[in-house]
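Engineer: Provide a 3D model corresponding to the input given below.
(one chain, ligands or ions: 1)
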Amino acid sequence: MTDRVNPEVRRVADDIDTMEIRGAATIADAAARALRVQALESDASDPATLRADLRAAARTLVETRPTAVSLPNALRYVLRGATGQTVEEIHENVEATATEFCARLDRAQSDLGQVGANRLRDGDIIMTHCHSTDALACVEAAVEQGKHIEAIVKETRPRNQGHITARELHEMGVPVTLIVDSAARRYLNDVDHVLVGADAVAADGSVINKIGTSGLAVNARDRGTPIMVAAQTLKLHPGTMTGHTVDIEMRDTDEVIDEETLAELGSPTVRNPAFDVTPPRYVDAIVTERGQFPPESIVMLMRELFGEHTTEPWVEPA
Ligand SMILES: O=P(O)(O)OC[C@H]1O[C@H](OP(=O)(O)O)[C@H](O)[C@@H]1O
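Structural biologist: Purely as a prediction, here's the structure:
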C-alpha cells in the first residue's frame, strides 16, 4: 500500500518528536497547519479517501509525543471541520478550520496574557521553569502595561529550555537571573510568583508540566510563594473527565548523559521523564483566556467546553 501521508506531515511529526518544534501551543499550531497541507495537497479523488488520509495524517502527528493534550485537541478541532460532500468542499473547509484554529490560538494566548498580567504588580519578581509561551504572554502584557518585572529563570535540565525563556525575557526588557535547577529553593524567598505553563490540565485541577514543576511547587508552597499556571483552554485534557490518566512521556537517555560517560559510570539505568504532575493543592491559580480559576473548579470550564465525552476523530468510525 502506498504511503498517503504527505511528506510535510511526516517532517512536522519528526520535528515534534525531536523537539525542533516544542511547547504545547507551538506543537498545536504546527499540527493544525500540517493537516491543512495534507488536505490541500491531497490527490484523493473521493471524500472517503480524503477523510481517511486526514485521519492517517492525524495519527502520524498524535503518535509523536503523548503528554501535551494540545496536540490531540488541535487535531480534533481541525478534523471536525473536514465536512463536505465533495473533495473540493472538504479542502475548503479544512483550510478554513485550520486557519481559524491558528487565529483562535493566537487570540487565546493574548487574552490569557491580559488576565495573567493582572496578577503581576509593578516591581514583582517571578521564577520560571522551562519555556512556556502562555506564561511569557502574561509577562509581556504586564510589561506593556508599564510594570517593571524581574525574573529568576531555572535552566531546566536536561534540555535547558530556560535558556529560551532567558533570551525572550531579555528581549522584553526584563532583567534575568539564570540559576541551576537545584538553586530554586534558595531563591524562592526573593520571588513574588512562580509562573509556569502546562502541557495538560486534568479534570481534578492537577497540572502536568515540565519535570521539576511539582518539586518547585511544593517548595514554593512551603515558602508561601504563590504558584500561577498559565494554560489556555487548549491544555485542558477532556479524557480526564471520564477517568483517563495522562501519559507521562519518557525521553531518550542521551538527553541526560552521553554514551561514553554512561559507560564510565558502569552503565547505570537512566530515567528521563519529560513531565510530572503537580497536585491541585499546590497551585494557586490557573490562568486561561476565559479568566483565572482555582484548580479545583477547572472541571466546570472543561464540561462547558467539551461536554462530558470526546471522541478521537482519527479513529475510523465502526
Ligand atoms: O504551550 P506553551 O505555554 O508554549 O508551553 C507549555 C509547556 O510545553 C513545554 O514542554 P516541552 O518543552 O515541549 O517538553 C513546557 O513543559 C511548557 O511549560
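Engineer: drop to CA atoms for contacts and neighbour counts, all remaining ones
Structural biologist: Noted.
Engineer: Okay, buried residues for stretch 223-234 please.
Structural biologist: Within stretch 223-234, the residues that count as buried by 16 or more other CA atoms under 10 Å are 225-234.
Engineer: Spell out which parts of the protein neighbour the ligand.
Structural biologist: 22-25, 130-135, 196-199, 209-210 (CA under 6 Å from any ligand atom).
Engineer: If we use 8 Å, what do you get?
Structural biologist: Neighbours of the ligand within the chain, by CA under 8 Å from any ligand atom: 19, 21-27, 68, 70, 129-136, 161, 196-199, 208-211, 230-232, 235, 274-275.
Engineer: Of those residues, select the buried ones using a PyMOL command.
Structural biologist: To isolate the buried members of the residues of the chain next to the ligand in PyMOL, using 16+ other CA under 10 Å:
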select buried, resi 21+22+23+24+25+26+27+68+70+129+130+131+132+133+134+135+136+161+196+197+198+199+208+209+210+211+230+231+232+235+274+275
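Engineer: List the ones among the residues of the chain next to the ligand that fall in strands.
Structural biologist: With DSSP state E as the criterion, strands contain 196, 208-210, 230, 275 from among the residues of the chain next to the ligand.
Engineer: Next, give me the two most distant ones among those.
Structural biologist: Maximum pairwise distance among those (CA to CA): 16.0 Å, between Ala230 and Phe275.
Engineer: Got the phi and psi for the closest residue to Pro294 other than its chain neighbours?
Structural biologist: Counting by CA to CA, 6 or more residues apart in numbering, Pro294 lies nearest to Ala285, which is 4.9 Å off, once chain neighbours are set aside. Note on Ala285: backbone dihedrals following degrees, to the nearest 10 are phi -150, psi 140.
Engineer: Met127 should be in a strand, yeah?
Structural biologist: Yes. Per DSSP: H, G, I helix; E, B strand; the rest coil, Met127 lies within a strand segment.
Engineer: List the beta-bridge partners for it.
Structural biologist: Ile152, Val194 (DSSP bridges).
Engineer: Give me the neighbour count for it.
Structural biologist: Per other CA atoms under 10 Å, the neighbour tally for Met127 reads 27.
Engineer: Return the per-residue confidence for it.
Structural biologist: Listed pLDDT for Met127 reads 98.
Engineer: ditto for Met1
Structural biologist: 54.
Engineer: mind listing the strands for the stretch 201-318 of the chain?
Structural biologist: Ranges of strands in the stretch 201-318 of the chain, per DSSP state E, counting those that start in this stretch, are 207-210, 227-230, 275-278, 285-288, 291-293.
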